[in-house]
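# Sequence isn't available, so here's the structure alone:
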């Protein structure tokens, strides 16, 4: 149902959260009123009859209403003119209900006023507080005028002389009122749920963009260190070991400069995909920017298990990439530091992994574990 409604309304309305729910309620109201115009014909013929002198008035009123509702429907669904469509719809609804009231004995005797009294609810829902109160005052004023005119017996006629027919019509309108109100509430709830789902999708999208690299889809620096700190705290509580690896591509800049950013982006996307297939569940590969990546293994059995993962990473990165006539190849250097053997806090472990990376880049296409003999590079 919501998909059908989405297809009817222009994107300018469905993207606007302020008008989203009201647009769908207006759409529901228009469809209900158009349906009512159609159903009025057999009810009229059954109760009043075709030979009644009021038939031309009823026919003209029904045709005018249907035309105005169709115009409002066109403005809403084809032009996205919510406010204009809502004003036309509400004015038509109010006018026809008041006219029907006066043609069926006036406000006091008519079976129609109960529909007129329902219009203020639509006004507040469709227009919001300010314009809704404006239409509410107009509705109340016209209803009071109708009451006064009915009390004085002016500007009113009775198209339904039989009291039994008026009672039947009153019951019909009573159930029609319940149906319209219930349908509007159901429609409102469906659209509200749809809106909540869309807002959740947007929120999830923003969260994803804030925590992931848009080119490769890997976690970014922010998410990596958030996960890193949680993993380090867990490892400290449970006496687990943890491995941090810094990965830097060798030969990436010359390819980027020679073949352009398209080739560089292709390499980064391909390597990210390869690395994602290598790591285990619970491990994390992140892109820090440029050609820099990071590896986190939160549960380490021994140094050999880390070495196995790193060797697979070095081999996967070194595998050539063919794109058209181009054969692109880069390698990588990896520096690894282990908790708690090399360091016991985040900053210190990062420094140790960086020193190990510097050692690995001296050879290129290799990896290096931190050793105490490694000293910070001066200058």
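Arrived safely. Small disclaimer: the values here were computed from a predicted structure and weren't measured.

# roughly how far is stretch 238-255 from the heart of the chain?
Computed by Cα atoms, centre = their mean, to the nearest Å, the separation of stretch 238-255 from the middle of its chain amounts to 37 Å.

# Apologies, that question was intended for stretch 351-359.
The answer for stretch 351-359 is 44 Å, by Cα atoms, centre = their mean.

# what's in contact with it?
For stretch 351-359, the external contacting residues (Cβ atoms under 8 Å, 6 or more residues apart in numbering) are 244-248, 333-337, 342-343, 368-371, 374-377. To be clear about C-beta, it is placed using only N, CA and C from the backbone, and glycine gets the same treatment.

# All the helices of this structure, residue numbers only.
2-8, 11-14, 17-47, 55-79, 82-103, 113-116, 119-152, 163-211, 221-238, 252-259, 261-278, 303-318, 346-363 (DSSP state H).

# Go through the last one and flag the buried ones.
Put plainly, it is helix 346-363. The neighbour-count criterion (16 or more other Cβ atoms under 10 Å) identifies 349, 350, 352, 353, 354, 355, 356, 357, 358, 359, 360, 361 as the buried residues of helix 346-363.

# Contacts only, for the last one.
Residue 361 is in contact with 248, 250, 333, counting by Cβ under 8 Å, 6+ apart.

# what about the closest residue to the first one other than its chain neighbours, how many neighbours?
Nearest residue to residue 248, sequence neighbours excluded (Cβ to Cβ, 6 or more residues apart in numbering): residue 333, at 5.2 Å. The burial metric for residue 333, expressed as a neighbour count using other Cβ atoms under 10 Å, is 24.

# how near is residue 81 to residue 73?
11 Å (Cβ to Cβ, to the nearest Å).

# between those two, what contacts are shared?
In contact with both residue 81 and residue 73: no residue, using Cβ under 8 Å, 6+ apart.

# residues contacting the residue nearest to residue 248?
247, 248, 250, 357, 360, 361, 363, 364, 365, 366, 367, 368 are the contacts of residue 333 under Cβ under 8 Å, 6+ apart.

# Quick one: mean pLDDT for stretch 350-364?
Stretch 350-364 carries an average pLDDT of 92.

# how far does that stretch sit from the chain's center?
44 Å.

# now do stretch 206-219
Computed by Cα atoms, centre = their mean, the chain-centroid distance of stretch 206-219 equals 18 Å.

# residues contacting the nearest residue to residue 299 once chain neighbours are set aside?
With Cβ to Cβ, 6+ apart as the criterion, residue 299 has its nearest non-adjacent residue at 5.7 Å, and that residue is residue 240. Listed by Cβ under 8 Å, 6+ apart, the contact partners of residue 240 are 234, 298, 299, 300.

# quick revisit: buried subset of the contacts of stretch 351-359?
Using 16+ other Cβ under 10 Å, the buried members of those are 244-248, 333-337, 342-343, 368-370, 374.

# So which of those belong to strands?
Judged by DSSP state E, the subset of the buried ones among the contacts of stretch 351-359 located in strands is 244, 245, 246, 247, 248, 333, 334, 335, 336, 337, 368, 369.

# pretty sure the third one contacts residue 313?
By that I understand residue 246. No: checked against Cβ atoms under 8 Å, the pair residue 246 and residue 313 is beyond contact range at 11.6 Å.

# Now do the shared contacts for the two.
295, 334.

# Identify the farthest-apart pair in the contacts of residue 333.
Spanning the widest gap among the contacts of residue 333 are 247 and 363, at 14.6 Å by Cβ to Cβ.

# Pull the number of nearby residues for residue 321.
Residue 321 has 17 nearby residues by other Cβ under 10 Å.

# Quick check: bridge partners of residue 245?
residue 295, residue 336 (DSSP bridges).

# quick one: contacts for it?
294-297, 306, 310, 313, 334-337, 353, 367.

# cool, residue 183 as well?
28, 32.

# if I look at it, how far off is residue 175?
12 Å.

# out of the contacts of residue 245, which one sits closest to residue 228?
Nearest to residue 228 among those, counting by Cβ to Cβ, is residue 296 at 5.7 Å.

# Contacts only, for the residue nearest to the closest one when sequence neighbours are not counted.
Nearest residue to residue 296, sequence neighbours excluded (Cβ to Cβ, 6+ apart): residue 284, at 4.5 Å. Taking Cβ under 8 Å, 6+ apart, we find residue 284 in contact with 219, 224, 227, 295, 296, 298.

# do the same with residue 319
Taking Cβ under 8 Å, 6+ apart as the test, what residue 319 contacts is 274, 329.

# how near is residue 53 to residue 362?
105 Å.

# likewise residue 334?
13 Å.

# what is in contact with the two at once?
Common contacts of residue 334 and residue 362 (Cβ under 8 Å, 6+ apart): none found.

# coming back round to it: what is the nearest of the buried residues of helix 346-363 to residue 66?
residue 350 (72.0 Å).

# per-residue confidence for the closest residue in space to that closest one that isn't next to it in sequence?
Once flanking residues are discounted, residue 350 sits nearest to residue 244: 6.9 Å by Cβ to Cβ, 6+ apart. On the pLDDT scale, residue 244 is placed at 95.

# pLDDT score assigned to the spatially most central residue of the chain?
Central residue of the chain (Cα atoms, centre = their mean): residue 198, 1.9 Å from the mean position. What the model reports as pLDDT for residue 198 is 76.

# Look up how far residue 73 lies from it.
Where residue 73 is concerned, residue 198 sits at a distance of 23 Å (Cβ to Cβ).

# next one: residue 43
For residue 43, the distance to residue 73 (Cβ to Cβ) stands at 23 Å.

# tell me the pLDDT at residue 16?
68.

# my guess is residue 43 contacts residue 173, does it?
No: Residue 43 lies out of contact with residue 173 (Cβ under 8 Å); the separation is 9.8 Å.
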